[in-house]
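# let me see the structure of the following:
(2 chains)
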Number of protein chains: 2
Amino acid sequence: MYFKLKQEEVKLEQVQVPGSRDAFIQWLATRERGSTRYAVRKFTVKPDGIIAMHKHPYEEAVYVINGEAKVCVGERKEDIRQGELIYISGGEPHSFFNHSKNELEFICIIPYIEDMTITPVSGDCV
Amino acid sequence: MYFKLKQEEVKLEQVQVPGSRDAFIQWLATRERGSTRYAVRKFTVKPDGIIAMHKHPYEEAVYVINGEAKVCVGERKEDIRQGELIYISGGEPHSFFNHSKNELEFICIIPYIEDMTITPVSGDCV
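Purely as a prediction, here's the structure:
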């Protein structure tokens, strides 16, 4: 099995975590398309946009394609930028804030596990 | 658990599939760093560079960050470019040829499964 996708043909959906703004997701490799073990998603966050603090039982790896952001993971705060990868274990609250003047674009990989629940967590990352 | 990597600090290794040339891999998220279910690698292929035809029992997803290439998957030949994702099932022979004048950069995700054997396959992708 093989498939190819152009990202501009993939639906851009708003990130649903409450408190998020100007943050969008495109599901590229998915279970529905045949990728049964993991999903590959592209995120786009506009300047001043936020993916609000949340957690889920599965880990995620994020590779930044363009731009930069402040990231909070638990109590930790740091900057990430183009060409960097971060890895966040399952259960760790995390959020992204694009404090820059440019769009932030990143690829985010998550595994498919039994429990795919996303839980909002209070706290900001600014 | 959390980690962050700058790709320029990660070792650039030559792709080992026999017949490959001017093709490099950087292992970003790996089992050794705590990513137990999948690995995220960055590939860089110089103009006229090749990742020769090979297969492995696990699937892979490729997201093109920069540049373009000709890809062969089994008997299929096609072009991929920046912003596109391809997904190749386990067992499918595949190769990449950078026929352009610019560097090709892509992210490639593979799951960790029991059998991680890579097998060279005869045939070119030009």
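# ok, A:V17 - contacts?
Shown in contact with A:V17 (CB atoms under 8 Å, 6 or more residues apart in numbering or on different chains): A:I51, A:A52, A:M53, A:H54, A:I118, A:P120. The way it works is simple: take the backbone N, C-alpha and C, and place the C-beta from them, glycine included.
# does A:E59 touch A:I110 like I think?
Yes - A:E59 is within contact range of A:I110, at 7.3 Å (criterion: CB atoms under 8 Å).
# more crowded one of these two?
A count of neighbours by other CB atoms under 10 Å in any protein chain shown puts A:E59 above the other of A:E59 and A:I110, at 23 against 20.
# what sits against the more buried one?
A:Y87, A:I88, A:S89, A:G90, A:I110, A:P111, B:S35, B:R37.
# buried among the residues you listed? Make that a PyMOL selection.
To isolate the buried subset of those in PyMOL, counting by 16 or more other CB atoms under 10 Å in any protein chain shown, use the following:
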select buried, (chain A and resi 87+88+89+110+111) or (chain B and resi 35+37)
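# quick one: the residue nearest to A:T36 when sequence neighbours are not counted from A:E105, how far?
Spatially, and ignoring its direct neighbours in sequence, A:T36 is nearest to A:Y112 (6.7 Å; CB to CB, 6 or more residues apart in numbering or on different chains). Noted for A:Y112: a distance of 23 Å to A:E105, by CB to CB, to the nearest Å.
# okay, the two: which has more neighbours?
Per other CB under 10 Å, whichever of A:Y112 and A:E105 has more neighbours is A:E105, with 19 against 14.
# these two touch, right, that one and A:V64?
Yes - with contact defined as CB under 8 Å, A:E105 reaches A:V64; the gap is 7.5 Å.
# now A:S122, what's its secondary structure?
coil (DSSP: H, G, I helix; E, B strand; the rest coil).
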